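1. Below is the sequence, then the predicted model.
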Amino acid sequence: MELNTSTTAFLACHWQNEIVGADGAFASFFRAEIERRGVIGVAERLVAGARGAGVPVAHLRIAFQEGHTDLEPNIPLLGLVGEQQLLLDGTPATEIIGELAPREDDWVLTNTRVSPFARSDLDERLRAAGVDTVVLFGVATNISVESAGRYAGDLGYRVIVVEDACAAATREAHEATIATFGLLGEVASAEEVLAAL
């Protein structure tokens, strides 16, 4: 694998307390697989490697205004978020977990859809920085990561999903998504990605 560090960005997808934290509302969905796969530690290594190589790290978060007035419940998962009043912007629930806490030169972008590219300025930020390759990792593999990867591919980016830095609610869901994504982009390990920096 080859990476041009001047045209690559790392996209850390939805590493928020509510989604991946042990006490988050989504812990019952994702926490067992997050722990089994050890993805937080892998994500830490990726972020450190990117920073060390001068590659931009974009922390992608999903959050909603008070009353969820900016939430469109056409997607059942988002409907659930609205019904249960989850992911309220400005609360600890929507902050990035401590292990991956953004630094001053990292990007932090907020969106209100499953894909972090939808209704956000992520594409514009990447293009302005001269990025043509995105390295994507996060939770859940089969929801936001897959959605972001497909969207990025359709926008013309080279997309690399870091398999061992992603998790879904079940092993089967993760593996099925990774198998499919190999037809739409590249799948790599964190070791391969870091070695290419």
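-> Cool, got the structure. Numbers count the residues shown, from 1 in each chain.
2. what about residue 86, neighbour count?
-> Neighbour count for residue 86, taken as other C-beta atoms under 10 Å: 22. Quick note: C-beta positions are derived from backbone N, CA and C, even for glycine.
3. if I look at it, how far off is residue 130?
-> Remark: distance between residue 86 and residue 130 (C-beta to C-beta, to the nearest Å) = 36 Å.
4. buried ones in the longest helix belonging to the chain?
-> In the chain, taking DSSP state H as the definition, the longest helix is helix 39-52. Neighbour counts over helix 39-52 (16 or more other C-beta atoms under 10 Å) mark 39, 40, 42, 43, 44, 46, 47, 49, 50 as buried.
5. Which residue, other than its chain neighbours, is closest to residue 29?
-> Among residues not flanking residue 29 along the chain, residue 169 sits closest, at 4.6 Å (C-beta to C-beta, 6 or more residues apart in numbering).
6. Need the contact partners of the next helix or strand after the longest helix of the chain.
-> For helix 39-52, the following helix or strand on the C-terminal side (DSSP states H and E) is strand 57-62. Applying C-beta atoms under 8 Å, 6 or more residues apart in numbering, the contact partners of strand 57-62 are 9-16, 19, 47, 50-51, 87, 94, 96, 100, 102-103, 106-114, 116, 122, 125-126, 138, 144, 148.
7. Same question for stretch 143-152.
-> Where contact means C-beta under 8 Å, 6+ apart, the residues beyond stretch 143-152 that reach it are 11, 13-14, 60, 62, 77, 114-118, 134, 136-139, 159, 161, 166, 168, 177, 180-181, 184-185.
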